[in-house]
Structures are given as C-alpha cells and as structure tokens.
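In: coords please:
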Amino acid sequence: MRMGFGVGWSYILLAEMVDVGRGIGGIIITSQRRAPRAHLPGAGDHRVVAFLTDKLWAAVGRWLFPYRAAKR
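Out: Numbering: from 1, shown residues only. Predicted coordinates for the structure are as follows:
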C-alpha cells in the first residue's frame, strides 16, 4: 500500500504540472511568473499530505504485521 500510494502521489503531481491551466499546476506556474519563490507553499501541501499518508500506512503496517519487526 505504501508503494502504491507513493506512485499515486507521483502521478498526481505529474498530472498537476502537465495540466497547467487548472489546479495546483496553474497556481505554481502563475506564482513563478510573479515571484521566484512564491510557489513553494502551494507545492508543499501535496508533500505534507503525501508524507503524512506514508507515515499512516507505516503505522498500520506495523500494527497489522508485528512479526516483521521481530528479530530472527
């Protein structure tokens, strides 16, 4: 699940940057024209949600599969 969500977030970011007319891609391109670093907070939203989702799946994985952490 963690890898699937990682790939999914990559495709979401790619789609947002390709379709610059709408969504966060358009906001980033417009803000890059206005100020060199103004687009960073908008792009950071996706990264924060993706990071939190990854940590959530890691915790669920530790809860569901505790034997993975057991030493042999």
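In: for the helix or strand where residue 47 lies, buried residues please.
Out: Assignment of secondary structure by DSSP states H and E places residue 47 within helix 40-64. Within helix 40-64, the residues scored as buried using 16 or more other CB atoms under 10 Å are 43, 50, 53-54, 57. Using the backbone N, CA and C atoms, a C-beta is placed for each residue, glycine as well.
In: quick one: list the elements packing against that helix.
Out: helix 2-18, helix 23-34 (3 or more CB pairs under 8 Å, 6 or more residues apart in numbering; DSSP states H and E).
In: nearest to residue 10, out of the buried residues of helix 40-64: which one, please.
Out: The shortest gap between residue 10 and any of the buried residues of helix 40-64 belongs to residue 50, at 9.0 Å (CB to CB).
In: looking at it, the closest one is touching residue 11, isn't it?
Out: No: using CB atoms under 8 Å, residue 50 is not in contact with residue 11; the gap is 11.6 Å.
In: hmm, back to that, and of the helices and strands packed on helix 40-64, who's closest to residue 65?
Out: Going by CB to CB, the one of the helices and strands packed on helix 40-64 nearest residue 65 is helix 2-18, 12.0 Å.
In: what about residue 32, how many residues nearby?
Out: For residue 32, the neighbour count with other CB atoms under 10 Å is 13.
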